[in-house]
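*Asks:* What would the 3D arrangement of this be:
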Amino acid sequence: HQGGRLSGARSRWTGIRLLSLGLRVYRNKPRLPVLLAAMFFMATSPITIWMLHLGNVDGLVMLGLLVLPIGAPLVLIKPQVASFALLAKRSSLIFTALWLLLSFVIWGFWPVTWLKFFTPEWDMEWVQDIALFPWGLIPALVMMWFSQGDEDLLMAAGSLASPHLFLYHFIVLMPAFARMRYAWMVVSWLGSFLFLLANWYGDWAWPLGILMSFFFWFGIYFSMPPEKRPKPGLPDWLPFRF
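*Replies:* Model prediction:
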């Protein structure tokens, strides 16, 4: 009986993930050939397959992205990549700040639990953690300078600044295949397999997964017409300009 409940819950999570992925793709309004290509690359990437196998709650994160700003609490369930989308609009940022203050009141200052990501024990046990923190902050800030107002670009750039990152956290960016030109789709899809080299060449190959940050960002950015690319600079929600 308990196994049946677990199976049912897993099916519901899978349904939410697939529905959220589909809706995120639809929001990009791709042409039919682009849609079919994006669905193929998204469905066959190990990122998607890994996430569906794990049955994690990242489907709720993608659902939260669809209903921002009120979806901010869902986005913060797995903030490694998705949380950077909250920087796209002032309304999302305000709602997030209010929710964080409330969460500190309820659960205390929970970010201190992140300190475990910086211990040698964590590095030894979780070789799958591909985070570049703190060195990733440099390219992240540069790329975010050119990403203002674009949720996908901000997530791709911000992933380089995350202190904890597994490859399957990129699931929130998989619908962005529908925003890419075919060549970038192929490059990004092939790049998602690079971490598998760890099966033959050892743990050093796991960090190759961080290249997905660049594949997604450059694939989205350079697939846009120049006139539609975000203007470089500070975000609109700041009260000053530079």
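*Asks:* pLDDT below threshold where in this structure?
*Replies:* Across the chain, the ranges flagged by pLDDT under 70 are 1-13, 239-242.
*Asks:* hey, where'd the strands end up in it?
*Replies:* For the chain, applying DSSP state E gives no strands.
*Asks:* in it, which spans are helices?
*Replies:* Secondary structure of the chain (DSSP state H): helices at 2-27, 32-44, 46-54, 58-66, 72-75, 79-82, 90-107, 120-125, 137-145, 151-158, 182-191, 198-201, 211-221.
*Asks:* most neighbours per residue, which of those?
*Replies:* Comparing the helices of the chain by mean neighbour count (mean count of other C-beta atoms under 10 Å), helix 151-158 ranks first with a mean of 26. Backbone N, C-alpha and C define where each C-beta goes, glycine included.
*Asks:* Provide the contact partners of that helix at residue level.
*Replies:* Helix 151-158 has contacts (C-beta atoms under 8 Å, 6 or more residues apart in numbering) with 65, 81-85, 87-88, 139-140, 143-144, 146-148, 172-173, 176, 179, 213-214, 216-217, 220-221, 230.
*Asks:* got the CA positions of it in CSV?
*Replies:* Only the C-alpha atoms of helix 151-158 are listed here, as CSV (Å, rounded to 0.1, in the frame of the first residue of the first chain):
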residue,chain,number,x,y,z
GLU,A,151,15.1,35.0,-17.3
ASP,A,152,16.9,32.3,-19.3
LEU,A,153,20.1,34.3,-19.8
LEU,A,154,20.1,35.3,-16.1
MET,A,155,19.7,31.6,-15.0
ALA,A,156,22.5,30.4,-17.4
ALA,A,157,24.9,33.2,-16.2
GLY,A,158,23.9,32.8,-12.6
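*Asks:* now it and helix 90-107, what's the angle there?
*Replies:* Helix 151-158 and helix 90-107 are oriented at 60 degrees to each other (axes from the mean of the first three to the mean of the last three C-alpha atoms, to 10 degrees).
*Asks:* and residue 132, what are its phi and psi?
*Replies:* Main-chain dihedrals, residue 132, degrees, to the nearest 10: phi -100, psi 0.
*Asks:* residue contacts, it?
*Replies:* Counting by C-beta under 8 Å, 6+ apart, residue 132 has contacts 160, 207, 210.
*Asks:* Distance of it relative to residue 212?
*Replies:* Per C-beta to C-beta, to the nearest Å, residue 132 is found 12 Å from residue 212.
*Asks:* Name the nearest residue to residue 70, sequence neighbours excluded.
*Replies:* Leaving aside its sequence neighbours, residue 70 sits nearest to residue 95 (C-beta to C-beta, 6 or more residues apart in numbering; 6.7 Å).
*Asks:* For residue 188, see how far away the one you found is.
*Replies:* To residue 188, residue 95 is 31 Å away according to C-beta to C-beta.
*Asks:* What of residue 25?
*Replies:* Distance of residue 25 to residue 188, computed by C-beta to C-beta: 15 Å.
*Asks:* nearest residue to residue 210 other than its sequence neighbours?
*Replies:* residue 130 (4.7 Å).
*Asks:* residues in contact with residue 186?
*Replies:* Residue 186 makes contact with residue 41, according to C-beta under 8 Å, 6+ apart.
*Asks:* ugh, typo on my part, it should be residue 224
*Replies:* By C-beta under 8 Å, 6+ apart, the contact set of residue 224 is residue 179.
*Asks:* roughly how far apart are it and residue 105?
*Replies:* Per C-beta to C-beta, residue 224 is found 41 Å from residue 105.
*Asks:* swap in residue 54?
*Replies:* Per C-beta to C-beta, residue 54 is found 31 Å from residue 105.
*Asks:* again, but for residue 226
*Replies:* As judged by C-beta to C-beta, residue 226 and residue 105 stand 46 Å apart.
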